[in-house]
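J.: Turn this into a structure:
(chains A and B, ligands or ions: 2)
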Amino acid sequence: MDMTINVQLLFSGLAMGSIYALIALGIVIIYRAADVVNFAQGELVMLPAFIAVFLLDTMGLPAVAVYPLVIICMGLVGFIFEKVAYYPLRNRSFLPVIISTIGVSIFLKNGAQYVFGALPQVMPRPTDVEVLVLGGVIIDPQYIIIIVSTSLLLVAQHFFFERTMLGKMMQATAQDKDAARLMGIPIARMIAITFIFSTILASVAGLLVGPLFYVTKEMGGMAGLKGFCGAIIGGFGSVTGAILGSVFLGVIEVYLAFYVSSAYRDAFAFIIMILVLLFRPQGILGERIAQKA
Amino acid sequence: MLRIESLSTFYGAVQALKGVSLEVRQGAVVSLLGSNGAGKSTLIRSITGLVAPRAGSIVFKSENITGKSTESISRRGIACVPEGRHIFPGLNVEDNLLMGTVSRGKLPQSEVAENLKEIYRIFPILQEFKKKPGWQLSGGQQQMLAIGRGLMARPQLLLLDEPSLGLAPVLVQEVFRVIRSINEQSGTTILLVEQNARMALSVASRAYVLATGQVVMENSAEKLLADKEMHRHYLGGGKKEG
Ligand SMILES: Nc1ncnc2c1ncn2[C@@H]1O[C@H](COP(=O)(O)OP(=O)(O)OP(=O)(O)O)[C@@H](O)[C@H]1O
Ligand SMILES: [Mg+2]
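T.: Ligands and ions are numbered 1, 2, ... in the order given. Purely as a prediction, here's the structure:
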């Protein structure tokens, strides 16, 4: 009996970890490419969820059309975001850009409320299957959808960055901008593509997590923070670290909520993060970055 | 091929170049000498557009490239092996070399493979380590990689900023041998920044000496090697440098 519960918890933890990983990854690749900590990443999870609810519910479009449409829209949002919040400030110090991303986050929250209303909304699920029973364990099919989609996306992203010329040029830009320029790499375009890519990762997270909770203008705040925690636990700046840290966070959080206290679920994320910062400030994979620099 | 006239470059209020003029003829190896802080790297960074000169002009193949973007300058056929190597730490050796071809636009796979083979012939150690990430290479290997990456651009003009810095004496010999052969075999024009004046003058046909942002001497390599002033200040009175 205990076993079934533990397996259920594991699936739910992996699903949440996957969501955190998508958010953390978006934060980390923007940080690496542009030296910007994007405080609007959570709102880039919230916005696509609202758009999806609107298209699915109000417009009655089928999910197969809505998901790609939302992702394309969000790609455009990412492009505009870079042009408005980052590009004009790219030669300034760290702080102005951070403040500008905080501004965008506030704007998106209020904009969402203005356009979509203040009431929490429900995103229809992509499947009619209510529950999955795997070897006697009852699992929410949305968890499986989340875990599988995220895994596929991560594999695709790995292939893109390691095997394609564009991916390598984006890595080069993130690692050494002057050298990248000397190679003739158009670094402004690489950074714009990075913002678009990162926004798309966040929107996939929004589409996947939407059906699990209410879609509200505040949903991005906690999502963004958990993404940060995941990235910090893994070793801020490391791509693999962001994924591992987030999955670790998602799983441990679910177990602690179940066995210790569900009221403190969100607090656990920060407690773990603080413990990591105290005892291993470089994060799980921090060493590799130190060597890299 | 490259003509620089009265170039002045500033870092904030500090003037690092004070009206430098210099010419590099097609097919030549020209060396730029001078001690620490003389402004050599600043001149290279001005040519590649990494810093914007405040006055003067840089003309490459009868086109004024002053103030153009670094990306566009590299696409015009100027490659640079920067001071401190600046290889991409997280990319492996082969991918670092591939980045060198970006300035040439889209290339057929076969041509890239051919170019890689050539670099591996010059630097066999790079082939051996082609899957190693850049940060794992030793200083000497990184330097070879930086030069190889510069060559992958098939540049008309190659700028080398202190390629022998921090290398063991055997490797220094090796690097200079490669520089000479690049020039002789593919006719690549080279501007070579060096503190190792004796070595530099052995490959260069002409040299300029910079001191506090100004050209203080310019002549053929032969004349400079025989010059008394040159001996006293830059050739260490005939002593070999380590
Ligand atoms: N980024 C910078 N900001 C301010 N001053 C700089 C900067 N880079 C160089 N300088 C100054 O400009 C002058 C020329 O420096 P530069 O690097 O061009 O010299 P160099 O001849 O290449 O020296 P080295 O042989 O040590 O490489 C020096 O006085 C240096 O302190
Ligand atoms: Mg220098």
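
J.: where's the most centrally placed residue in chain B, which helix or strand?
T.: With the centre of chain B defined as its mean C-alpha position, the nearest residue by CA atoms, centre = their mean is B:Leu160, 1.0 Å away. B:Leu160 is part of strand B:157-161 when elements are defined by DSSP states H and E.

J.: By mean pLDDT, which helix or strand of chain B comes out lowest?
T.: Among the secondary structure pieces of chain B, namely its helices and strands, helix B:228-233 has the lowest mean (mean pLDDT, DSSP states H and E), a mean of 78.

J.: If you count neighbours, what's buried in that helix?
T.: By neighbour count with 16 or more other CB atoms under 10 Å in any protein chain shown, helix B:228-233 contains the buried residues B:Met230, B:His233. All C-beta spots, glycine's among them, are computed from the backbone N, C-alpha and C.

J.: for chain B, what's the longest helix?
T.: With secondary structure taken from DSSP state H, chain B has its longest helix at helix B:169-186.

J.: contact partners of the helix or strand following it?
T.: The helix or strand immediately downstream of helix B:169-186 is strand B:189-194, counting by DSSP H and E. Under the criterion CB atoms under 8 Å, 6 or more residues apart in numbering or on different chains, residues B:1-2, B:24-33, B:40-41, B:43-44, B:47, B:83, B:156-164, B:179, B:182-183, B:200, B:203-204 lie in contact with strand B:189-194.

J.: Weed out the non-buried ones from the residues you listed.
T.: With neighbours counted by 16+ other CB under 10 Å, the contacts of strand B:189-194 contain buried members at B:1-2, B:24, B:28-33, B:40-41, B:43-44, B:47, B:83, B:156-164, B:179, B:182-183, B:200, B:203-204.

J.: and these near ligand 2, which?
T.: Subset of these in contact with ligand 2: B:Lys40, B:Ser41, B:Glu83, counting by CB under 5 Å from the ion.

J.: Just send these back as a markdown table, with distance to B:Val112, secondary structure and pLDDT too.
T.: Conversion of these to a markdown table gives the following (distance: CB to CB, whole Å; DSSP: H, G, I helix; E, B strand; the rest coil; pLDDT from 0 to 100):
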| residue | distance to B:Val112 | secondary structure | pLDDT |
| --- | --- | --- | --- |
| B:Lys40 | 32 | helix | 94 |
| B:Ser41 | 30 | helix | 95 |
| B:Glu83 | 27 | coil | 94 |
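
J.: quick one: average pLDDT of stretch A:15-32?
T.: Per-residue pLDDT values over stretch A:15-32 give a mean of 95.

J.: Who are the contact partners of the residue of chain B at minimum distance from ligand 2?
T.: Using CB to the ion, the point where chain B gets nearest to ligand 2 is B:Ser41, with a distance of 3.0 Å. Taking CB under 8 Å, 6+ apart, we find B:Ser41 in contact with B:Glu83, B:Asp161, B:Glu162, B:Val193.

J.: Dump the residues you listed into a markdown table; add distance to ligand 1 as well.
T.: Conversion of the contacts of B:Ser41 to a markdown table gives the following (distance: CB to the nearest ligand atom, whole Å):
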| residue | distance to ligand 1 |
| --- | --- |
| B:Glu83 | 6 |
| B:Asp161 | 7 |
| B:Glu162 | 6 |
| B:Val193 | 7 |
